[in-house]
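>>> A predicted structure for the sequence below; I have some questions about it.
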Amino acid sequence: MSPIAWLLLAAAVLPYGAAIAAKAGGRAFDNDAPRAWLAAQEGWRARADAAQANLFEGLPFFYAAVLYALYAGADEGRVAVLMLAWVLLRLLYVLAYILGRGTVRSIIWGVALLVNLAILLA
């Protein structure tokens, strides 16, 4: 599998990592009604759930940017480097979100958005 395919896969599984973090080891987790259980959470679990929602929301633009860049003939090595930067930034984003570092989280989100724009324009 190519590095680009691996990075697309990594981006796709990021939200699931945050979702697992939100649910794992939680008291009285109700798998029959997980959304209601998550809605009642506070602290880092609630932030992990919010992070996974944001990660899902960001995937369409990331995928569209990558596909357009490749369609437009962008250098695959450059696209892969930018994709790696985006994935790593989004990992840091989840960490900052879970730790309750709102300003740092927002800065990371903004930089990741700029990287996504760089992919689109590559």
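Looks like it arrived, so ask away.

>>> grab the nearest non-local neighbour of Phe56.
For Phe56, ignoring the flanking residues on the chain, the nearest one in space by CB to CB, 6 or more residues apart in numbering is Pro15 at 4.8 Å. To be clear about C-beta, it is placed using only N, CA and C from the backbone, and glycine gets the same treatment.

>>> my read is that that neighbour contacts Leu55, right?
Yes: Pro15 is in contact with Leu55 according to CB atoms under 8 Å; the separation is 3.9 Å.

>>> the more surrounded of those two?
Neighbour comparison, Pro15 and Leu55: the larger count goes to Leu55, with 24 against 20 (by other CB atoms under 10 Å).

>>> from Ala21, how far off is the more buried one?
Leu55 sits at a distance of 11 Å from Ala21 (criterion: CB to CB, to the nearest Å).

>>> likewise Arg35?
With CB to CB as the criterion, Arg35 and Ala21 are 16 Å apart.

>>> so Leu67: helix, strand or coil?
Following DSSP: H, G, I helix; E, B strand; the rest coil, we place Leu67 in the helix state.

>>> what sits against it?
Neighbouring residues of Leu67 by CB atoms under 8 Å, 6 or more residues apart in numbering: there are none.

>>> and the pLDDT at it?
Among the per-residue scores, Leu67 holds a pLDDT of 97.
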